[in-house]
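>>> structure, please.
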Amino acid sequence: MGGMDGFGPVLRGEEAYVPFHSAWEARVFALTNVVLARAGSNVDEFRHAIERIAPARYLASSYYERWLHAAETLLGEREILSRAEIDARAGSASAMANPAAHVNAVKPRAKNPRARFRIGERVRARNINPAGHTRLPRYVRGKIGVIRSDRGVYTFPDTNAHHAGEARQHVYSIAFSAREIFGPAAHPRDRVVVDLWEDYLAPARSRPVRRAAAIKAKRKSE
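Reported below is the predicted structural model:
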């Protein structure tokens, strides 16, 4: 939910680790994995299909209902089943998602690219709002954190979700102070650790300059 609140408490203990609460959820789990293989899809594209569900339908659906809606979308977009066929099998109108945004293909990168950042370095999460899929949480965009560890090289979800290339790159665990994210009311010793791909990051010294401030500085220099 991108860090939004107001959707009830986070489950803890044994209840949080129950994989399925009904038999149909287990069936949807198995069915979705079959659909991904049949459609030639990947987990990032699947996540993006969930993101594209109409907001009202998304909020009204349970976790595995969203999986089912995403599976319907992928089957329809791959023309494996038509909307009419999906509706007939479901016995109701399908919840196929909105069309995916177009993402330009990227050039292949080295299999084991060199890391651009080092452990202990201060970095800023870029303040971007891509039209397609992203794994950059909204609540850390523009925030400064410290690299705790380098997790290795992984496929970049923002391009992989659109079959625009793997763009393999380093993923880092970034520690953000709670006050950096939530403001001065947060406890000064609390930290939020988020795993972020390299393309989401910039050196902390490159703080974005507000347009008005930039114009003022330019006028002074003239």
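>>> do you know how far the residue nearest to the spatial centre of the chain is from Gly6?
The residue lying closest to the centre of the chain (Cα atoms, centre = their mean) is Arg135, at 2.5 Å. Arg135 sits at a distance of 23 Å from Gly6 (criterion: Cβ to Cβ, to the nearest Å). Glycine gets a C-beta too; all of them are placed from N, C-alpha and C.
>>> kindly report the same for Gly142.
Going from Gly142 to Gly6 by Cβ to Cβ gives 22 Å.
>>> so those two - more neighbours on which side?
Using other Cβ atoms under 10 Å, the more surrounded residue of Gly142 and Gly6 is Gly142, with 14 against 5.
>>> would you double-check that that one falls in a strand?
No: if the criterion is DSSP: H, G, I helix; E, B strand; the rest coil, then Gly142 is coil and not within a strand.
>>> all the strands of this protein, in order from the start?
All strands of the chain, identified by DSSP state E, fall at 122-125, 144-154, 169-177, 191-197, 201-203.
>>> in TSV: those, plus mean pLDDT, distance to Ala105 and mean neighbour count.
Formatted as TSV, the strands of the chain follow (pLDDT from 0 to 100; distance: least, Cβ to Cβ, whole Å; neighbours: other Cβ atoms under 10 Å):
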stretch	mean pLDDT	distance to Ala105	mean neighbour count
strand 122-125	98	25	20
strand 144-154	97	19	17
strand 169-177	98	16	20
strand 191-197	97	18	18
strand 201-203	97	22	17
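>>> between those, which one is nearest to Lys111?
Across the strands of the chain, Lys111 has its closest neighbour in strand 144-154 (8.0 Å, Cβ to Cβ).
>>> what distance separates that closest one from the centre of its chain?
Counting by Cα atoms, centre = their mean, to the nearest Å, strand 144-154 is centred 17 Å from the centre of its parent chain.
>>> with just CA atoms, put that strand into CSV.
Provided in CSV are the C-alpha atoms of strand 144-154 (Å, rounded to 0.1, in the frame of the first residue of the first chain):
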residue,chain,number,x,y,z
ILE,A,144,18.4,9.9,3.0
GLY,A,145,19.7,6.7,4.4
VAL,A,146,22.9,4.7,5.0
ILE,A,147,24.0,1.6,3.2
ARG,A,148,24.2,-1.3,5.6
SER,A,149,25.0,-4.1,3.2
ASP,A,150,25.3,-5.1,-0.4
ARG,A,151,22.8,-7.9,-1.2
GLY,A,152,24.4,-8.8,-4.6
VAL,A,153,23.2,-8.5,-8.2
TYR,A,154,19.5,-9.0,-9.2
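>>> thinking again about what came up before, now do the residue nearest to the centre of the chain, the pLDDT please.
pLDDT recorded at Arg135 is 96.
>>> ok, it touching Asp158?
Yes: using Cβ atoms under 8 Å, Arg135 is in contact with Asp158, at 7.3 Å.
>>> now the longest helix along the chain: how far from the chain's centre is it?
The longest helix of the chain (DSSP state H) is helix 23-39. Its chain's C-alpha centre and that of helix 23-39 lie 21 Å apart, by Cα atoms, centre = their mean.
>>> next, the distance between the ends of stretch 105-122.
Criterion Cα to Cα, to the nearest Å; first-to-last residue distance in stretch 105-122 is 30 Å.
>>> list the buried ones in that stretch?
Across stretch 105-122, burial judged by 16 or more other Cβ atoms under 10 Å covers Phe117.
>>> which residues are in contact with that stretch?
123, 144-150, 153, 159, 164-170, 172, 198, 201, 203-204 (Cβ atoms under 8 Å, 6 or more residues apart in numbering).
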